[in-house]
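K.L.:
What follows is a protein structure lacking sequence information:
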Ligand code: NDP
């Protein structure tokens, strides 16, 4: 049983003022594996005070010093990649396909940001003005449970590069992962107060941080509903906000797509991270005449997805993070049938032969209309909807007929056509034929998927304010 009883403030692991404890579970077994003592509003105050005290000196560090810090952070996080893998598997239940990407990436984001910084110019001239990009001040990062240490490292890398000090409030459900990554970050030897991590409830610590007048920037990843509450809280003191929120991403299969390429990619995108991913491609748009063939292939391929204990490397779909999340997904499985959609595969209950753990049957609904709630709301589980379209224009219209706009996939064997369709999709990222990840490209959403961008130059500038001196 892990007992996590410290938070990280001013360069040290300290006892929280908060007295409340929260249990930690292994979602594959439903067993309690630990307990975490939570920070409270007074701890949030201490953390902001430390970050504020550290800001003047840290904001004037040189580019070379920050690059050096980013390289130390990369080395420290990479050195414990194995422990991060174990924690993420045990506490969250992520399958190997996701962990194999997430664990190295957590360290690599620091190197990527160091590379961005190498070629970034903090000063430029515009006519008579000398423009300087200045760090925006004390920043707060609020992160969810679905990729906890990746979000911590990604947001921290941009703050360090910009010269901003940071207070991070991770999800309390990820306390073991947070503990491991905090130990790594501590090893990198940043100056006191530059980084502070206070695990606690969102409505206690999170709201204290987002309302704090000494905080000038909030970067948040999580649900659109919480994002809305944070924007309202941050509005009182006109904080800068970056919002990475939900999604209902379309995967458009065009009629000339190579289905041998498209089908595995569509399912990998849809079932990514057991479906607990903001970028999951949950709406599969298929040409009407090919619906039968595509659905047959999707069904066969989905049934071959192994569900179960993520310690098994063959497993493609692990458990939902919590009982609450499992029940939420079950409610959508019922709702889809009530709305008139037809189960192509999957459905309610646990997968066959599984008698414990918060496992969901990988599900594909057929006959879905884009106005059904299962096609409009973020389910956050392995539940996909097949929606048919008559022609390319209708495919684009359906793809864009959503409150969200985080990511989209287009599949076609004609690169020009794929690009033409991609250009008409309202989403922060459009991926053609399953192209590989591009770490320095901006990441973030249109519409209610949020605003602001992360990674590369765009992520760095989200922590900077331009100031012009004109003479
Ligand atoms: P939330 O958006 O509620 O939580 C994300 C983070 O915000 C957590 O650290 C949470 O803390 C914190 N938080 C909650 N309320 C506040 C507040 N008022 N002020 C400041 N911080 C706050 O997501 P959930 O974890 O509850 O998941 C619910 C749904 O959100 C999922 O089913 C999914 O649809 C979506 N989601 C989307 C993600 C994405 O990547 N876009 C990631 C995770 C979830 P605490 O945990 O204590 O509530």
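P.N.:
Done, it's in. Only a predicted model underlies this, so the values are computations on that prediction, with no experimental measurement involved.
K.L.:
can you list the residues of the stretch 351-471 of the chain near the ligand?
P.N.:
Counting by CB under 6 Å from any ligand atom, the stretch 351-471 of the chain comes close to the ligand at 378, 380. Any C-beta I mention is one placed from the backbone N, CA and C, and that applies to glycine too.
K.L.:
One more pass at 8 Å, please.
P.N.:
When proximity is defined by CB under 8 Å from any ligand atom, the stretch 351-471 of the chain lies next to the ligand at 378, 379, 380, 406, 449.
K.L.:
do the stretch 101-250 of the chain as well
P.N.:
By CB under 8 Å from any ligand atom, the part of the stretch 101-250 of the chain that sits against the ligand consists of 142-147, 151, 169-173, 200-207, 209-210, 220-227, 229-230, 233, 244-247.
K.L.:
and the residues of the stretch 351-471 of the chain next to the ligand as TSV, adding secondary structure?
P.N.:
Compiled in TSV, those are given as follows (DSSP: H, G, I helix; E, B strand; the rest coil):
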residue	secondary structure
378	coil
379	coil
380	coil
406	coil
449	helix
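K.L.:
would you list these in a markdown table and tack on pLDDT, distance to residue 297 and neighbour count?
P.N.:
Written out in a markdown table, the entries for those read as follows (pLDDT from 0 to 100; distance: CB to CB, whole Å; neighbours: other CB atoms under 10 Å):
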| residue | pLDDT | distance to residue 297 | neighbour count |
| --- | --- | --- | --- |
| 378 | 98 | 26 | 22 |
| 379 | 98 | 22 | 26 |
| 380 | 98 | 25 | 25 |
| 406 | 98 | 26 | 27 |
| 449 | 98 | 29 | 28 |
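K.L.:
from these, which two are the most distant?
P.N.:
The most widely separated members of those are 379 and 449, with 15.3 Å between them, by CB to CB.
K.L.:
Residue 395: which element?
P.N.:
Following DSSP states H and E, the helix or strand that holds residue 395 is helix 392-400.
K.L.:
Which neighbours in the sheet does the helix or strand just after that helix have, and how are they oriented?
P.N.:
Of the helices and strands lying after helix 392-400 in sequence (DSSP H and E), the nearest is strand 407-411. In the sheet containing strand 407-411, the strands it pairs with under DSSP bridges are strand 250-253 (parallel), strand 429-432 (parallel).
K.L.:
among those, which is the most enclosed?
P.N.:
When the strands paired with strand 407-411 are scored by mean count of other CB atoms under 10 Å, the highest mean neighbour count falls to strand 250-253 (a mean of 28).
K.L.:
model confidence over the helix or strand following that one, on average?
P.N.:
Stepping forward along the backbone from strand 250-253, the first helix or strand reached (DSSP H and E) is helix 259-270. For helix 259-270, mean pLDDT rounds to 98.
K.L.:
Repeat that for stretch 311-326.
P.N.:
Model confidence over stretch 311-326, given as mean pLDDT, is 96.
K.L.:
Buried residues, it. List them.
P.N.:
The neighbour-count check on stretch 311-326 (16 or more other CB atoms under 10 Å) flags 315, 316, 317, 318, 319, 320, 321, 322, 325, 326 as buried.
K.L.:
circling back: closest to residue 117 among the residues of the stretch 351-471 of the chain next to the ligand?
P.N.:
Taking CB to CB as the measure, residue 117 lies nearest residue 406 of those, at 26.3 Å.
K.L.:
Please report how far that closest one lies from residue 451.
P.N.:
Taking CB to CB, to the nearest Å as the criterion, residue 406 is separated from residue 451 by 11 Å.
K.L.:
Now the common contact residues for these two.
P.N.:
The overlap between the contact sets of residue 406 and residue 451 (CB atoms under 8 Å, 6 or more residues apart in numbering) consists of 444, 445.
K.L.:
So which elements touch the longest helix along the chain?
P.N.:
Ranked by residue count, the top helix of the chain under DSSP state H comes out as helix 96-118. Contacts defined by 3 or more CB pairs under 8 Å, 6 or more residues apart in numbering; DSSP states H and E place helix 96-118 against helix 63-79, helix 81-92, helix 148-162, helix 456-461.
K.L.:
Any idea which of the strands paired with strand 407-411 gets closest to residue 302?
P.N.:
Relative to residue 302, the nearest member of the strands paired with strand 407-411 by CB to CB is strand 250-253, separated by 13.5 Å.
K.L.:
Skipping adjacent residues, who's closest to the residue of the stretch 351-471 of the chain found nearest the ligand in space?
P.N.:
Each residue of the stretch 351-471 of the chain has a distance to the ligand, by CB to the nearest ligand atom, and the smallest belongs to residue 380, at 3.6 Å. Nearest residue to residue 380, sequence neighbours excluded (CB to CB, 6 or more residues apart in numbering): residue 276, at 5.3 Å.
K.L.:
next one: phi and psi at the one you found?
P.N.:
phi -90, psi 60 (degrees, to the nearest 10).
K.L.:
Also the one 3 residues further on?
P.N.:
Backbone dihedrals for residue 279, given as degrees, to the nearest 10, come out at phi -90, psi 0.
K.L.:
Which strand or helix spans residue 133?
P.N.:
Using DSSP H and E, residue 133 falls in strand 129-135.
K.L.:
strands paired with that strand, and their directions?
P.N.:
Under the rule (DSSP bridges), strand 129-135 has strand 123-126 (antiparallel), strand 464-470 (antiparallel) as partners.
K.L.:
most packed of the ones you listed?
P.N.:
Per-residue neighbour counts averaged over each of the strands paired with strand 129-135 give the maximum for strand 464-470, namely a mean of 13 (mean count of other CB under 10 Å).
K.L.:
relative to helix 148-162, how tilted is that one?
P.N.:
Interaxial angle of strand 464-470 relative to helix 148-162 (axes from the mean of the first three to the mean of the last three CA atoms, to 10 degrees): 10 degrees.
K.L.:
How far does strand 464-470 sit from its chain's centre?
P.N.:
Strand 464-470 has its C-alpha centroid displaced from the chain centroid by 31 Å (CA atoms, centre = their mean, to the nearest Å).
K.L.:
Average pLDDT for that strand, rounded please.
P.N.:
If you average the pLDDT over strand 464-470, you get 98.
K.L.:
For it, which outside residues touch it?
P.N.:
Surrounding strand 464-470, the residues in contact under the criterion CB under 8 Å, 6+ apart are 122, 126, 128-136, 162, 240.
K.L.:
Need the max-distance pair from these.
P.N.:
Of all pairs drawn from those, the widest gap by CB to CB lies between 128 and 240 and measures 26.8 Å.
K.L.:
now the helices: where do they sit in the stretch 201-350 of the chain?
P.N.:
Defined through DSSP state H, counting those that start in this stretch, the helices belonging to the stretch 201-350 of the chain, from first to last, are 207-211, 224-235, 259-270, 291-303, 323-338.
K.L.:
Please work out which of those helices is packed deepest.
P.N.:
Mean neighbours per residue, mean count of other CB under 10 Å, is largest over the helices of the stretch 201-350 of the chain for helix 207-211, with a mean of 23.
K.L.:
just checking, what packs against that one?
P.N.:
In this structure, helix 207-211 makes packing contacts with helix 41-59, strand 139-142, helix 224-235, judged by 3+ CB pairs under 8 Å, 6+ apart.
K.L.:
State the distance from the residue lying closest to residue 138 once chain neighbours are set aside to residue 180.
P.N.:
The spatial neighbour of residue 138 that comes closest, neighbours along the chain excluded (CB to CB, 6+ apart), is residue 51 at 4.5 Å. Distance of residue 51 to residue 180, given as CB to CB: 22 Å.
K.L.:
Many thanks, have a good one.
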